[in-house]
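Asks: no sequence on hand, only this structure:
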């Protein structure tokens, strides 16, 4: 494998403020949430970062330098990283974000309490989504039956839910806890993942093969939450690179469809997709084994 590093970028475990990952409960947030301070952060990407994303993705697929050139050319033609917002200073209010993705076990409490439909999708609806990199057969290990999640996946992120399903869970959880939960905006998610210094990944700006659950490092499916320490952000938020894409509340309309910005990267993805700046849109109605979510709330004063 051809080793590629981010030229000019520090590969340190630098973090917010004093260089220590934030742990423990913050009084301004609910249980199991991390506090993200108000103020500026470096969001988006510049051309150097996008070039790096193409190179490390090609590196993951190629076995020789010659092959890497061909693979990178094909990836660039697909323009996966060309539509990220340009790098710049972003300002936002303080907020709280769930340290972990919503799990199957947590989502089960919701469906049992409300009678809401369990995660899943019909073969017909899956065909209509036209996201067929994975066959319908590949989805079966994630199907719930009789309001029971798949065996051994209690602490895995819930998948096969849409943005609407995630919002329904947030509304129920808000009533249960007395806290107004919602989905993060794309910018909130990005700051919670990368901190304030513009790093590419949660751990720094040089890709590390063992850092997260991605195409060539993991169980070839979802993994239990918080299983990859390097994918924990500087704020102590787990799985902010790898495992599943996450729905945000940021939406736009394309081809008469409302689409949600997805953040993070999934277990079948390449390294360039695992950067905090990467984003793409999917219709808000889509359900997939690559999609999950977490919640945020406004910080208490």
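Replies: Great, that's in hand. Nothing here was measured: the structure is a model prediction, and the numbers come from that model. Residues are numbered from 1 along each chain as shown.
Asks: show me how far stretch 268-281 is from its chain's centre.
Replies: 8 Å (Cα atoms, centre = their mean, to the nearest Å).
Asks: can you pull the buried residues of that stretch?
Replies: Across stretch 268-281, burial judged by 16 or more other Cβ atoms under 10 Å covers 268-281. Every residue, glycine included, has its C-beta placed from N, CA and C.
Asks: all the strands of the stretch 1-150 of the chain, residue numbers only.
Replies: Using DSSP state E, counting those that start in this stretch, the strands of the stretch 1-150 of the chain run over 33-36, 39-43, 88-92, 95-98.
Asks: quick one: closest of those strands to residue 68.
Replies: Smallest distance to residue 68 across the strands of the stretch 1-150 of the chain (Cβ to Cβ): 28.8 Å, for strand 39-43.
Asks: quick one: contacts of the closest one?
Replies: Among residues not part of strand 39-43, those counted as contacts by Cβ atoms under 8 Å, 6 or more residues apart in numbering are 85, 87-92, 187, 190-191, 194-198, 277.
Asks: still on that earlier bit, now the strands of the stretch 1-150 of the chain as TSV including mean neighbour count, mean pLDDT and distance to residue 216?
Replies: Compiled in TSV, the strands of the stretch 1-150 of the chain are given as follows (neighbours: other Cβ atoms under 10 Å; pLDDT from 0 to 100; distance: least, Cβ to Cβ, whole Å):
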stretch	mean neighbour count	mean pLDDT	distance to residue 216
strand 33-36	25	96	29
strand 39-43	18	95	28
strand 88-92	13	93	32
strand 95-98	24	98	28
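Asks: put together JSON lines for those strands, with distance to residue 217 on each row.
Replies: Output for those, formatted as JSON lines (distance: least, Cβ to Cβ, whole Å):
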{"stretch": "strand 33-36", "distance to residue 217": "25"}
{"stretch": "strand 39-43", "distance to residue 217": "27"}
{"stretch": "strand 88-92", "distance to residue 217": "30"}
{"stretch": "strand 95-98", "distance to residue 217": "24"}
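Asks: among the ones you listed, which is nearest residue 164?
Replies: Closest of those to residue 164 is strand 95-98, at 18.8 Å (criterion: Cβ to Cβ).
Asks: quick one on the thing from earlier: out of the strands of the stretch 1-150 of the chain, which gets nearest to residue 291?
Replies: Of all the strands of the stretch 1-150 of the chain, strand 95-98 comes closest under Cβ to Cβ, at 16.0 Å.
Asks: did I read that right, residue 253 in a strand?
Replies: Yes. Applying DSSP: H, G, I helix; E, B strand; the rest coil, one finds residue 253 inside a strand.
Asks: how many other residues sit next to the closest residue to it other than its chain neighbours?
Replies: Spatial nearest neighbour of residue 253, excluding adjacent residues (Cβ to Cβ, 6 or more residues apart in numbering): residue 259 at 7.1 Å. Per other Cβ atoms under 10 Å, the neighbour tally for residue 259 reads 19.
Asks: pretty sure residue 259 is touching residue 280, no?
Replies: No. Here residue 259 lies out of contact with residue 280, judged by Cβ atoms under 8 Å, at a distance of 9.0 Å.
Asks: picking up where we left off before, max pairwise distance over the buried residues of stretch 268-281: which two?
Replies: Going by Cβ to Cβ, the pair spanning the buried residues of stretch 268-281 furthest: 271 and 281, at 21.0 Å.
Asks: please identify the helix or strand for the residue nearest to residue 194 when sequence neighbours are not counted.
Replies: Nearest residue to residue 194 in three dimensions, chain neighbours excluded: residue 276, at 3.7 Å (Cβ to Cβ, 6+ apart). Residue 276 belongs to no helix or strand when assigned by DSSP states H and E.
Asks: give the contact list for residue 276.
Replies: Taking Cβ under 8 Å, 6+ apart, we find residue 276 in contact with 190, 193, 194, 199, 200, 201, 202, 240, 241, 263.
Asks: which residues does the fifth one contact?
Replies: When the contact criterion is Cβ under 8 Å, 6+ apart, the partners of residue 200 are 6, 9, 49, 52, 53, 194, 207, 275, 276, 277.
Asks: residues contacting residue 219?
Replies: 213, 267.
Asks: re the thing from before, JSON lines for the buried residues of stretch 268-281, including pLDDT and distance to residue 141?
Replies: Shown next, in JSON lines, are those (pLDDT from 0 to 100; distance: Cβ to Cβ, whole Å):
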{"residue": "268", "pLDDT": "96", "distance to residue 141": "14"}
{"residue": "269", "pLDDT": "96", "distance to residue 141": "19"}
{"residue": "270", "pLDDT": "97", "distance to residue 141": "23"}
{"residue": "271", "pLDDT": "98", "distance to residue 141": "25"}
{"residue": "272", "pLDDT": "98", "distance to residue 141": "27"}
{"residue": "273", "pLDDT": "98", "distance to residue 141": "23"}
{"residue": "274", "pLDDT": "98", "distance to residue 141": "23"}
{"residue": "275", "pLDDT": "99", "distance to residue 141": "28"}
{"residue": "276", "pLDDT": "98", "distance to residue 141": "29"}
{"residue": "277", "pLDDT": "98", "distance to residue 141": "31"}
{"residue": "278", "pLDDT": "98", "distance to residue 141": "26"}
{"residue": "279", "pLDDT": "97", "distance to residue 141": "28"}
{"residue": "280", "pLDDT": "95", "distance to residue 141": "25"}
{"residue": "281", "pLDDT": "95", "distance to residue 141": "27"}
